[in-house]
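[1] got a predicted structure plus its sequence, pasted below:
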Amino acid sequence: MLLGLVGKPSVGKSTFFKAATMAEVEIASYPFTTIKANHGVGYVKVDCIDKEFNTQCNPNKGFCINHNRFVPVELMDVAGLVKGASEGKGLGNQFLDDLRNADAFIHIVDVSGTTNEKGEVTENHNPCGDIEFLEEELNLWYYHIFMKVWRGFAKKTEMEKGKFSAAVAKQFSGLKVSEGQVKDALKKTNLSEKASTWNQNQLMEFVSILRKISKPMIVAANKCDHSNAVENITKIKNKFPELLIYPCSADSELALRQAAKAGLIEYIPGEKDFKIIKEISNKQKEGLERIKKNVLDKFGGTGVQEILNLAVFNLLKYIAIFPAGANKLGDSKGNILPDCFLLPGGSTALDFAYFLHTDFGKGFIKAIDARLKMARGKEYLLKHRDALEIITR
Ligand SMILES: Nc1nc2c(ncn2[C@@H]2O[C@H](COP(=O)(O)OP(=O)(O)O)[C@@H](O)[C@H]2O)c(=O)[nH]1
Ligand SMILES: [Mg+2]
């Protein structure tokens, strides 16, 4: 699972990345984790099932605070996108190359209106244009890839009926586009497989729908602490009713996590409050009060955690599954509920077995629901926060 942070320069991508990948005090043994340049580990927050079993878990990966389980997901901070990137402008192609492996995008938009389209300081900039331009660049990126082969394979695949989707998926395989997604795009656009007959509008419509399906996007309306933010959020919500838009303040989240790490406050990412637990200076106090008043009280949190959760559980429709013995929640080392895995929605008990290990899949006899002590068959559809043991031959 890889989430790519995209947007024009100076909207707060790196701040969001830093905040989201920073672990705090209780988790001092999980420092900022860099995988490679601009790749890091962030977390989605799941209601941990350990409290239902009256116990405390010991995660192998991620961490758990007050029964809030933080499950790792990979994040990527991409260089700012400027107009013409799909034509190679700015970091252009390299930038787009970075995005190929992303499963979903978090589009960071500056709703303070204080940065222009190039990320330079300005006043009263309308963020609607930023959303339009980014979508356009992404669509053009897909368009260029599609057009490279369009003429040739439009004819070829028409000879073999039904092969169109496979051929398109192959052309886009570097972008993690599946055949099913191409079929979805055809259905949604109501276009025939006779691609050679498509006009310019139809071609653009097809690539833009395919892009939306294969790289779903949430808009992080960042800098919501700014006085112009509410007005601008209303603007983008009215203009783009089909987009998932959520307000956030990345630098407020960063400040809170840093204060928590320094032992000044107790703060659980995603919560709408914090507790001061140490003597702090007036300046620190004022800063924290400002965050409380302008962000937490107004928006119910900084939004950073919520956006990661929305991306994984709403956009990508993943679910969190806990491997758990029906009679024993620990592993051989005595760690309680050490794992929590993210699986695509619609996964079955058998998919889960294969996910754990091919041998578990091959030898699958049944799954046992650790809560209900009930057997489940191969086809059982997993639910978010299921706790299952796989019994094998
Ligand atoms: N007011 C405000 N400023 C922010 C917020 N997030 C980031 N910034 C500021 O925006 C500027 C650009 O941030 P940066 O993360 O470097 O942007 P990037 O170019 O998109 O990576 C910096 O001065 C940040 O401190 C926020 O939530 N509110
Ligand atoms: Mg940056």
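    Yep, it's here. Ligands and ions are numbered 1, 2, ... in the order given.
[2] would you list every one of the strands in the stretch 51-200 of the chain?
    Counting by DSSP state E, counting those that start in this stretch, the stretch 51-200 of the chain has strands at residues 63-65, 68-77, 104-110.
[3] any idea how far the first one is from the chain center?
    Mean-position distance between strand 63-65 and its chain equals 20 Å (Cα atoms, centre = their mean, to the nearest Å).
[4] what packs against it?
    Packed against strand 63-65, as judged by 3 or more Cβ pairs under 8 Å, 6 or more residues apart in numbering; DSSP states H and E, are the following elements: strand 68-77. (Each C-beta comes from the backbone N, C-alpha and C, glycine too.)
[5] from the contact counts, what lies against the strand it packs on?
    By 3+ Cβ pairs under 8 Å, 6+ apart, strand 68-77 packs against strand 2-6, helix 13-20, strand 39-47, strand 63-65.
[6] ok, it: who's next to it in the sheet?
    Here strand 68-77 is paired, per DSSP bridges, with strand 2-6 (parallel), strand 39-47 (antiparallel), strand 63-65 (antiparallel).
[7] orientation of the longest helix anywhere in the chain relative to strand 104-110 in degrees?
    Of all segments of type helix in the chain, defined using DSSP state H, the longest is helix 128-159. Orientation check (axes from the mean of the first three to the mean of the last three Cα atoms, to 10 degrees): helix 128-159 against strand 104-110 gives 150 degrees.
[8] so helix 128-159, near ligand 1 or not?
    No. Using Cβ under 6 Å from any ligand atom, we find that helix 128-159 stays clear of ligand 1, coming within 11.4 Å at best.
[9] among the helices and strands packed on strand 68-77, which is nearest ligand 2?
    When the helices and strands packed on strand 68-77 are compared by Cβ to the ion, helix 13-20 sits nearest ligand 2, at 3.3 Å.
[10] then the closest one to CSV, C-alphas only?
    Provided in CSV are the C-alpha atoms of helix 13-20 (Å, rounded to 0.1, in the frame of the first residue of the first chain):
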residue,chain,number,x,y,z
LYS,A,13,3.3,18.2,1.3
SER,A,14,6.6,17.8,3.2
THR,A,15,5.0,19.1,6.4
PHE,A,16,2.2,16.6,6.0
PHE,A,17,4.7,13.8,5.3
LYS,A,18,6.8,14.7,8.3
ALA,A,19,3.8,14.9,10.6
ALA,A,20,2.3,11.7,9.4
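[11] what secondary structure does Leu388 sit in?
    strand (DSSP: H, G, I helix; E, B strand; the rest coil).
[12] can you count the residues close to it?
    Residues within reach of Leu388, counting by other Cβ atoms under 10 Å, total 25.
[13] looking at the helices and strands packed on strand 68-77, which is closest to Thr197?
    Evaluated over the helices and strands packed on strand 68-77, closeness to Thr197 peaks at strand 2-6, with 33.4 Å, by Cβ to Cβ.
[14] would you mind writing the CA trace of the closest one as PDB?
    The C-alpha trace of strand 2-6 is given here as PDB (Å, rounded to 0.1, in the frame of the first residue of the first chain):
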ATOM      1  CA  LEU A   2       1.500   3.300  -1.100                       C
ATOM      2  CA  LEU A   3      -0.100   6.700  -0.800                       C
ATOM      3  CA  GLY A   4       1.500   9.500  -2.800                       C
ATOM      4  CA  LEU A   5       1.300  13.100  -1.600                       C
ATOM      5  CA  VAL A   6       0.800  15.400  -4.600                       C
END
